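Asks: Give me a 3D structure for the following:
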Amino acid sequence: MSIKAEYFEYLEYFRETVTVRELFENPHTSDMIALRHDVDYDLDLALEMSYWENRKGIRSTYYLLHSAEYWNDIRFIEKCLQIQNFGHEVGLHINILAEWMKGRLTDVAFELERLITRLRKAGLLLSGISSHGDHICYEKQFNNYWCFSELRPSNPVLTESGLSAEGIPAENPKYHIRYPETHQLLRQDGKVFNLWSISMKKLGIDYEASHMSHDLYFTDSGGAWKRSEDPMKNDLKRGRHQILMHPVYWRGMQKVYFFLSTARSGSKWLTNFLEQASPLRARHEFSLNHYFKNGELVEEKRTADGFTDLVNNKDMARDLLLEARAYIEEFPEDYAEANVYLERFLPLLRDVFPDATLVHLHRDPKDVVRSIMNRDWYDTPEDNKHPIMEVENWDNLSQFEKACWYVRKTNETLLSSCQYRLAFERMVKDFNYLVEKLQDLGIMVFPLLAEHVYSKKINQNYNYEFPEYARWTEKHQALFHLICDPINKALGYEFRQDVHQNYEAFPLESTHLKSVRFLRNNSPEVILNIDYRKSPHTRYSIKGCKTVPTEGGLKIVPKGREHAYFLMGGGKWDKVQKGEGWEPKIAHYYRGVLDAEIIPDNSAQLFCLMYDKEGKLLFKRSLEQIRQESIPVRFSFKVKTHAKRFNIAVYMSATNLPDNLKLKTVYLEMIPL
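Replies: Okay, the predicted model is just below:
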């Protein structure tokens, strides 16, 4: 919750409030408190405020500033309608003469009609306005409501002079506006606007907030009760009162949430939901995945290629988390991050974010195992992209065993470390469950904004080579339960009482079939062994770059602002022909080393590209990042069984092109599984 606790003390003191429109429509009702919000800056904060007011039975009016940046928010109308759906009034915060004076529009009447028509066509019941006190109002001496004929007093020179830009009396002379005796405003370019020349009635506007009968008026303009008394120091039980509270002045301390989970547990879906349907700023796997370049923070995926190196480099990880915290604190909103990698850095996370709320997001372990198997986790013995678990004999475990132990150990750590839990299966199928769980965390959900995003699927798995649980072999099922049943039971998922819980007692021939093959002493076959310092003119192809042979290696220089790549086996990124790339061999994997030179803070990406029998790109797999601190780059991969050719590519993104990259040597060998 981003709202100060003090704000709720005011709501308790007011007890019952009405909209400004109700105050206007009931001029003879003696005892009323109209609560008003001029939304000068942050519509999302106002939306959050409207939510909590609704929860507490408070009704108010939100005046939206048409010159504010949020007016261009692609979900602006949805957010306005949500405020209205919470039982509040939505009005227009007029800054029209200020915009005219700044030269941003020429026809005041036309612009007003355009703004109002847009809101009404969207379903907003707009009938009231309030005037914005833009700084130029004091600089050029005018008030934004002076355009409306119905508001013209009989002697404006006498009665309008001395009012503030809000249209109320002000004790401090610096907030006094002086009315022009010409009844005109003169712009710097010589253009003139005749005051009181536009009809509110023709626009369907019933009232302006400062022009109605009330006994007491309160405003927090300037960030405190400086231009009026504090309403809590007055008896509001009797009389007609109007209270203006700007949302921006009632923002509380930022709260930070981390939703931690295994991979493939809905973290990206949850991030998207929070970003779209809640007031939080939400990011997916941001922390650790960045670096600073030229004084600016740049997102970069560090938790994929070479992930285990980062786990072992605690100093770097701590520095990255400190940088992430500094970045997060720049956001005015509460912050949420879903991250499947931070479980490996929990002590550092607690140290850098001691005030953060940790939430354990979990999914049925058998579904997670299946999904990461289909994502090729642990498919080679040298896999350094994924977490290494503290399990005896880890290096000799099969791919399936590693996947199971990863799911179990990660969930066990999070179960004991997080204050809250959230179940993936219920989260995506039961909207009320998700809303209740988030409310327990102090995170509100806006129903109208949630409608279009809740059913949207994110980051689906399209590889189903490894089947669903019902089609697993009996040995796979038994092995899964032997490893994962402790966490299945703890999290409320299906577990089997009939499987022996002593993992070590399970027969070796059924648990380590793949492991035995890994350990066979078979000699590798060299596929690629190039020294670009001596033989730069080998078969390769390029796009978006040029190559320059040098004594130190083959220099790759990007050109223009397009993506660039260097294909070691020739061909094109999305198509190879016979003789281009290499033909894979079943039941083998590939291991290689690339040596290069690259400028500090520059980076490129190493990919394996896989093609079908027609030579069309079937799949691309990121192998490693090429950065100064990671050279020489060591990598391994397994080509998918249905791929008929593969290629090795150095890829340079147009959004972060390196100055150049100098290839020295590339070595690739094929090893039997």
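
Asks: Can you tell me the closest non-neighbouring residue to Tyr327?
Replies: Leu297 (5.5 Å; CB to CB, 6 or more residues apart in numbering). Where you see a C-beta, it was placed from the backbone N, CA and C, and this is true even at glycine.

Asks: Quick check: beta-bridge partners of that neighbour?
Replies: Under DSSP bridges, the beta-bridge partners of Leu297 are Phe292.

Asks: pLDDT at it, what is it?
Replies: For Leu297, the pLDDT comes out at 70.

Asks: again, but for Lys575
Replies: Reading off the confidence values, Lys575 has pLDDT 95.

Asks: before we move on, the earlier item: am I right that the residue nearest to Tyr327 is in contact with Arg325?
Replies: No - applying CB atoms under 8 Å as the test, Leu297 and Arg325 come out as separate, 11.8 Å apart.

Asks: Which residues are in contact with each of those two?
Replies: By CB atoms under 8 Å, 6 or more residues apart in numbering, Leu297 and Arg325 have no common neighbours.

Asks: what about stretch 11-30, average pLDDT?
Replies: Mean pLDDT, computed over stretch 11-30, is 94.

Asks: which residues are in contact with that stretch?
Replies: For stretch 11-30, the external contacting residues (CB under 8 Å, 6+ apart) are 32-36, 53, 56-61, 88-89, 91, 127-128, 130, 206-207, 209, 212-214, 231-232, 236, 238-240, 242-243.

Asks: ok, of the residues you listed, which come out buried?
Replies: 32-36, 53, 58-61, 88-89, 91, 127-128, 130, 207, 209, 212, 214, 231, 236, 240, 242-243 (16 or more other CB atoms under 10 Å).

Asks: In helices only, show me the residues you listed.
Replies: Glu53 (DSSP state H).

Asks: ok, Gln84 - contacts?
Replies: Neighbouring residues of Gln84 by CB under 8 Å, 6+ apart: 90, 123-125.

Asks: What does the pLDDT read for it?
Replies: The model reports Gln84 with a pLDDT of 98.

Asks: Give the residue spans of the stretch 151-300 of the chain that score low on pLDDT.
Replies: Within the stretch 151-300 of the chain, the segments meeting pLDDT under 70 span 291-295.

Asks: need the strands for it, in chain order.
Replies: Remark: strands assigned in the stretch 151-300 of the chain by DSSP state E, counting those that start in this stretch are 184-186, 192-194, 207-208, 216-219, 240-244, 256-260, 281-284, 290-293, 296-299.

Asks: likewise the stretch 351-500 of the chain?
Replies: 357-362, 420-423.

Asks: Report the separation between the two terminal residues of stretch 17-37.
Replies: This stretch, stretch 17-37, spans 13 Å end to end (CA to CA, to the nearest Å).

Asks: which two from the contacts of Gln84 end up farthest apart in space?
Replies: Val90 and Gly123 (10.1 Å; CB to CB).

Asks: More neighbours: the two, which one.
Replies: Val90 (23 against 11; other CB atoms under 10 Å).

Asks: who does that one bridge with?
Replies: Beta-bridge partners recorded for Val90 (DSSP bridges): Tyr62.

Asks: Pretty sure Ser127 is one of the things it touches, is it not?
Replies: No - here Val90 lies out of contact with Ser127, judged by CB under 8 Å, at a distance of 9.7 Å.

Asks: Helices along the stretch 351-500 of the chain, start to end?
Replies: Taking DSSP state H, counting those that start in this stretch, the helices of the stretch 351-500 of the chain run over residues 365-374, 399-417, 424-427, 431-440, 447-454, 474-491.

Asks: Indicate which one of these is closest to Tyr138.
Replies: Among the helices of the stretch 351-500 of the chain, helix 447-454 comes nearest to Tyr138, with 36.7 Å by CB to CB.

Asks: Mind giving me the packing neighbours of the closest one?
Replies: With contacts taken as 3 or more CB pairs under 8 Å, 6 or more residues apart in numbering; DSSP states H and E, helix 447-454 sits against helix 76-85, helix 267-277.

Asks: circling back: want to try JSON lines for the strands of the stretch 351-500 of the chain, with distance to Glu113 as columns?
Replies: Formatted as JSON lines, these follow (distance: least, CB to CB, whole Å):
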{"stretch": "strand 357-362", "distance to Glu113": "47"}
{"stretch": "strand 420-423", "distance to Glu113": "48"}
